[in-house]
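# Let me see the structure of the following:
(one chain, ligands or ions: 2)
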Amino acid sequence: MLRQQKTTSTMSRVETNGWSTTNGINGSPVAPARHKTVGGGENFIVAFVTRTLMPLFLMFASPNLVILLWYTAARCDGSFYELCSRLATGGLGKIWGDIHIASPLAVGVILGYMAWALLLMVLLPGPRVEGPVTPRGNVPVYTDNGFLCYVVTIVAFVVLTFGLKQYGMSPTIVYDHFDEFLGTLTVFSHVLCIALHLKGLFYPSSSDSGTTGNLIFDYYWGTELYPRVFGIDVKVFTNCRFGMTVWPLLVLIFALKSYEISGFVDSMWVSVALQMIYFTKFFWWESGYMRTIDIMLDRAGFYICWGCLAFIPGLYASVSMYLVNHPVRLGPVVSWSILAGGVFAIVINYLADKQKQDVRRTRGNCLVWGRKPEVIHATYRTADGSVHTSILLLSGWWGVARHFHYVPELILAFLWTVPALLTHVMVYSYFIWLTLLLVHRTFRDDVKCSEKYRHHWTEYRRQVRYRMIPGIF
Ligand SMILES: NC(=O)C1=CN([C@@H]2O[C@H](COP(=O)(O)OP(=O)(O)OC[C@H]3O[C@@H](n4cnc5c(N)ncnc54)[C@H](OP(=O)(O)O)[C@@H]3O)[C@@H](O)[C@H]2O)C=CC1
Ligand SMILES: CC(C)CCC[C@@H](C)[C@H]1CC[C@H]2C3=CC=C4C[C@@H](O)CC[C@]4(C)[C@H]3CC[C@]12C
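Ligands and ions are numbered 1, 2, ... in the order given. The predicted structure is shown next:
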């Protein structure tokens, strides 16, 4: 849950989502840094492309791509070549004819799960944690009960699975009707986006809200940074209690389906084990996630809502979905080696995230790699004019490169995919997406941080020259 300590529900200004006082949406995924013409005005063609055409394209293309990904795995034996042949012969219409976009089963299961997740979110206890100061000077407050919600949900899932077995029922029905689930989730997310759009305009939860004046961009990007409905934080729900919890549930359901079809197969086992360790780490660190770009910068619009409700189930869980009908016997040596490499990557990624958190929490009075950390005490200004200080870490993983922690994240994604071998590109869709997302994110974060910290960030960039991989990028 999240509360705002300091809220001023003003909506008079054009929105400022980031830290710049002139144009705060530069950190958005589709709005690059300001483009000035020679005369100094904004280049409207670039603005039209990035804030209208790109969002429109993404909102139309992404749901289609996710469904086609499912179709490729389930109906085309995981082959993009086969998908293209079918598209060439029958066209998109023929393929859509084979897809069911909604069903009462999907609506019932999704609503049931949402009710469960909301109930846990509200009822389970947890310590109170504060998020970072927002651009408008608000301090979001959360109940840190993510780990508990996750554990209770997974245990309940296992108990329910055994319970249902006695009645000849299995959660693998979700796999059998997955197209219906993806379609229903897309419809749900549009309903949520419309409601949130209107809420942000007429009943904002805090002053971190507003409009850009462009309806399409507002719908895509959102009108509020931290919307709350009856005290429930919408982004904590969409990102953590839905997206990040449904992903492990799907991974378990797909593993169960694979077991029903092929018995115990080590490719599925390795991939599932790595993903489950990753989810457990995520929820253990959830309060740290509240200080990342998704929460600090991304508003609750189509990007985050559809992304977490439909894109995570459709793309992020696609490796396990593919493995259901593509089992590979790897043998113990290969399996355990992949598992060990993956666990190592998770540990490095976790330690890097933790290093940043520890240094900030102790205001630099801790040890990083056995030494007192080098830091920059950076100042920044919020929209209300008040000045704050923050710490930029120059030691440890944050001295290796400015986003070195993305490297183990990518290695891990590769390692939980490679058990599927290199037969089909389709199964690497998540890895390819993640590479693009993280590389793009290094640029987004640079824009956001240089607007926020100005010369302090320039100094950090001077001292830590590389974005992700020392000597290369
Ligand atoms: N699987 C997936 O789809 C994805 C996974 N991830 C993972 O999520 C985690 C979080 O990543 P992400 O959201 O990108 O955010 P980061 O962990 O990279 O956090 C970025 C923020 O950290 C602060 N910061 C930047 N440099 C420093 C420094 N040197 N010292 C102290 N603080 C600094 C800044 O925020 P501030 O304003 O507080 O100064 C900056 O905006 C990572 O583990 C990443 O691998 C990320 C993206 C996608
Ligand atoms: C509109 C779509 C084309 C794009 C939607 C993207 C979002 C679903 C994802 C964008 C950033 C993603 C995440 C960031 C950081 C994370 C921390 C990590 O430890 C777990 C995964 C994640 C929560 C991840 C989830 C999906 C995004 C929000």
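# Just list the residues touching the residue in the stretch 251-400 of the chain that ligand 2 sits nearest to, thanks.
In the stretch 251-400 of the chain, no residue comes nearer to ligand 2 than residue 307, which is 2.6 Å away by CB to the nearest ligand atom. C-beta: built from backbone N, CA, C; applies to glycine. Neighbouring residues of residue 307 by CB atoms under 8 Å, 6 or more residues apart in numbering: residue 243.
# run the last query once more with 10 Å
Residues near residue 307 by CB atoms under 10 Å, 6 or more residues apart in numbering: 29, 58, 62, 189, 238, 239, 243, 294, 298, 301, 315, 316.
# check the residues you listed against ligand 2, which are close?
Among the contacts of residue 307, proximity to ligand 2 is found for 58, 62, 239, 243, 294 (CB under 6 Å from any ligand atom).
# Out of those, who's the most crowded?
When neighbours are counted by other CB atoms under 10 Å, residue 239 leads the ones next to ligand 2 among the contacts of residue 307 with 26 neighbours.
# That one belongs to a helix, doesn't it?
Yes. Assessed with DSSP: H, G, I helix; E, B strand; the rest coil, residue 239 lies in a helix.
# which residue packs closest to it, ignoring adjacent ones?
residue 308 (5.0 Å; CB to CB, 6 or more residues apart in numbering).
# the longest helix in this structure is where?
Counting by DSSP state H, the longest helix found in the chain is helix 332-361.
# In that helix, which residues are buried?
334-335, 338-339, 341-343, 345-346, 348-350, 352-353, 355-356, 358-360 (16 or more other CB atoms under 10 Å).
# helix or strand for residue 280, which one?
Assigned by DSSP states H and E, residue 280 falls within helix 266-284.
# Count the residues that sit near the residue nearest to residue 239.
The number of residues packed around residue 308, counting by other CB under 10 Å, is 26.
# which ones are touching it?
Residue 308 makes contacts with 185, 189, 235, 237-244, 246-247, 294, 300, 316, as judged by CB under 10 Å, 6+ apart.
# For those, which entry has the maximal number of neighbours?
Going by other CB under 10 Å, residue 300 tops the contacts of residue 308 with 28 neighbours.
# how about residue 87, secondary structure?
Three-state assignment for residue 87 (three-state DSSP): helix.
# What separation do you get for the residue nearest to it when sequence neighbours are not counted and residue 57?
Nearest non-adjacent residue to residue 87, counting by CB to CB, 6+ apart: residue 95, 6.7 Å away. In this view, residue 95 and residue 57 are 20 Å apart by CB to CB, to the nearest Å.
# Then residue 261?
The gap separating residue 261 from residue 57 is 37 Å, by CB to CB.
# Just give the nearest non-adjacent residue to residue 406, would you?
residue 438 (4.3 Å).
# Okay, and that neighbour sits in which element?
helix 429-453.
# Report the buried residues of that helix.
Neighbour count says helix 429-453 has 429-431, 433-435, 438, 441-442, 444-453 buried, by 16+ other CB under 10 Å.
# give me the number of residues near residue 329?
Neighbourhood size, residue 329 [other CB under 10 Å]: 10.
# ok, so of the contacts of residue 308, who is nearest residue 403?
Nearest to residue 403, judged by CB to CB, of the contacts of residue 308 is residue 294 at 14.5 Å.
# Figure out the helix or strand that the closest one lives in.
Element membership for residue 294 (DSSP H and E) is helix 293-296.
# Identify all contacting residues around the following helix or strand past that helix.
Next in sequence after helix 293-296, counting helices and strands by DSSP H and E, comes helix 302-306. Outside helix 302-306, the residues within contact range by CB under 10 Å, 6+ apart are 28-30, 55, 58-59, 62-63, 66, 185-186, 188-197, 216, 218-222, 234-235, 237-239, 242-243, 294-295, 298-299, 311-312.
# ok, now which ones touch whichever residue of the stretch 151-300 of the chain sits closest to ligand 1?
Residue nearest to ligand 1 within the stretch 151-300 of the chain: residue 292 (3.0 Å; CB to the nearest ligand atom). Listed by CB under 10 Å, 6+ apart, the contact partners of residue 292 are 132, 239, 285, 298, 353, 441, 445.
# Pull the number of nearby residues for the first one.
Read that as residue 132. Here the number of neighbours of residue 132 (other CB under 10 Å) works out to 14.
# That one looks like it's in a strand, true?
No. Per three-state DSSP, residue 132 lies outside any strand segment and is coil.
# What separation do you get for whatever residue of the stretch 351-473 of the chain ends up closest to ligand 2 and residue 316?
Using CB to the nearest ligand atom, residue 437 is the residue of the stretch 351-473 of the chain that sits closest to ligand 2, at 6.2 Å. Separation of residue 437 from residue 316 (CB to CB) stands at 11 Å.
# Then residue 292?
16 Å.
# For the nearest residue in space to residue 269 that is not next to it in sequence, which residues are in contact?
Sequence neighbours aside, residue 335 is the residue nearest to residue 269 in space, at 7.0 Å (criterion: CB to CB, 6+ apart). Counting by CB under 10 Å, 6+ apart, residue 335 touches 266, 267, 269, 270, 271, 273, 329, 419.
# wait, isn't residue 144 in contact with residue 121?
No. Residue 144 sits out of contact with residue 121 when judged by CB atoms under 10 Å, with a separation of 11.6 Å.
# higher neighbour count, the two?
Higher neighbour count among residue 144 and residue 121: residue 121, with 20 against 15, using other CB under 10 Å.
# pLDDT averaged over whichever strand or helix holds that one, what's the number?
For residue 121, the element it lies in under DSSP H and E is helix 104-123. The pLDDT scores in helix 104-123 average 98.
# thinking again about what came up before, and the next helix or strand past the longest helix of the chain?
Scanning forward in sequence from helix 332-361 by DSSP H and E, the next helix or strand is strand 375-381.
# isn't residue 313 right next to residue 175, touching?
No. Using CB under 10 Å, residue 313 is not in contact with residue 175; the gap is 11.5 Å.
# Give me the common contacts of the two.
Joint contacts of residue 313 and residue 175 (CB under 10 Å, 6+ apart) are 181, 250, 321.
# and stretch 384-404, anywhere near ligand 1?
Yes. Contact between stretch 384-404 and ligand 1, assessed by CB under 6 Å from any ligand atom, occurs at 390, 392, 393, 398, 403.
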